[in-house]
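**Student:** Build me a model from this:
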Amino acid sequence: FDAWHNWHLRAKVIFTEQQLPLDPAFDFYLGGGETSYPLHDALWKVWLANVIGSWRESVIGVYSFVYYLIMVGLFYASLPQAIAFSRRLLYTYLAASLPYLYFQASIAYADLEFAASVLLVVSGLFWFLYSSKPAFLDLSALALALAIWTKNEGFAVIAPAMFVLTILLVLRRLVSFRQWLGFWAITIGASLPW
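**Tutor:** Numbering: from 1, shown residues only. Predicted coordinates:
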C-alpha cells in the first residue's frame, strides 16, 4: 500500500502534471499521498520517467534493483581485507539474500534507498576511523544527507544518532572539532533543500 499509494502516486502525479503541485488546497498537494514524506524517491522516479519519455512501471521499478546491487557492493567493499575472499563472498551472499533486502529490491520502494544510504554512512565513518582519510568522512556526511532526503527516519532517527556518535568521537579525540564541523556542514548543506 505504502509503495503504490504514497511513493508511486506522488511520482505519477508530478510526472503527469509536469510540475510539483504546491497548492495545499489541491488533493494532490506535493503529488498526493503522505505529504510529510520526503520527495527524493518521487523526484527520482519522475526524472527516470522523463529520461524514458513516458511512465513505464516495469522500467521505473528497475531502479530498486540497482540500489540493491549498490548496497550489496557497499557491503562487500566495507568488509575488512583480512577476511578471506571466500568468506567475504559468503557474508555478502548471506546479506544479499535476507528476505527484507530481497523483497525490497523487487518493488520500487524507498526503504532500500534509505538502507543503502545508511550503510554508506556507517561504512564511510568506519573507513575514515580506520584510514584517517578525510574523503571517507565526507562520503559519510553526503550519505547522511541522502538518508535525510530519502525518508523521515533519516532526519528523525539517523541524524540525531549520528550527531551523538560524532560528539562522542570528538570527545574521544578520534575526530577533530574541525572535521566534525566539516561533516555537519556537508550534511546540513546537502540536506537543506529538503
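**Student:** can you pull the buried residues of stretch 88-97?
**Tutor:** Buried residues in stretch 88-97, counting neighbours by 16 or more other Cβ atoms under 10 Å, are found at 88, 92, 96. Yep, even glycine has a C-beta here, placed from its N, CA and C like the rest.
**Student:** now do stretch 171-186
**Tutor:** For stretch 171-186, by 16+ other Cβ under 10 Å, it's 175, 179-180, 182-184, 186.
**Student:** what sits up against it?
**Tutor:** For stretch 171-186, contacts defined as Cβ atoms under 8 Å, 6 or more residues apart in numbering pick out 129, 134, 137-138, 140-142, 145, 163, 166-167, 169-170.
**Student:** Could you double-check that residue 119 sits in contact with residue 73?
**Tutor:** No - contact status for residue 119 versus residue 73: not in contact, 10.1 Å apart, counting by Cβ atoms under 8 Å.
**Student:** neighbour count winner among these two?
**Tutor:** It is residue 119, of residue 119 and residue 73, that has more neighbours when counted by other Cβ atoms under 10 Å, with 19 against 13.
**Student:** do you know how far the more buried one is from residue 85?
**Tutor:** 21 Å (Cβ to Cβ, to the nearest Å).
**Student:** just residue 122 next, same as before
**Tutor:** Taken as Cβ to Cβ, the span from residue 122 to residue 85 is 22 Å.
**Student:** higher neighbour count, these two?
**Tutor:** residue 122 (18 against 9).
**Student:** For the more buried one, give me the backbone phi and psi.
**Tutor:** phi -70, psi -50 (degrees, to the nearest 10).
**Student:** Chain neighbours aside, what residue packs nearest to residue 89?
**Tutor:** Leaving aside its sequence neighbours, residue 89 sits nearest to residue 76 (Cβ to Cβ, 6 or more residues apart in numbering; 7.8 Å).
**Student:** and that neighbour, helix, strand or coil?
**Tutor:** helix (DSSP: H, G, I helix; E, B strand; the rest coil).
**Student:** With secondary structure as added columns, please give the buried residues of stretch 171-186 in a markdown table.
**Tutor:** As requested, those are exported to a markdown table (three-state DSSP):
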| residue | secondary structure |
| --- | --- |
| 175 | coil |
| 179 | helix |
| 180 | helix |
| 182 | helix |
| 183 | helix |
| 184 | helix |
| 186 | helix |
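**Student:** Between the residues you listed, which sits nearest residue 20?
**Tutor:** Closest to residue 20 out of those is residue 186 (25.7 Å), distances taken as Cβ to Cβ.
**Student:** Could I get the contacting residues of residue 153?
**Tutor:** Contacts for residue 153 (Cβ under 8 Å, 6+ apart) come out as 114, 147.
**Student:** Much appreciated, bye for now.
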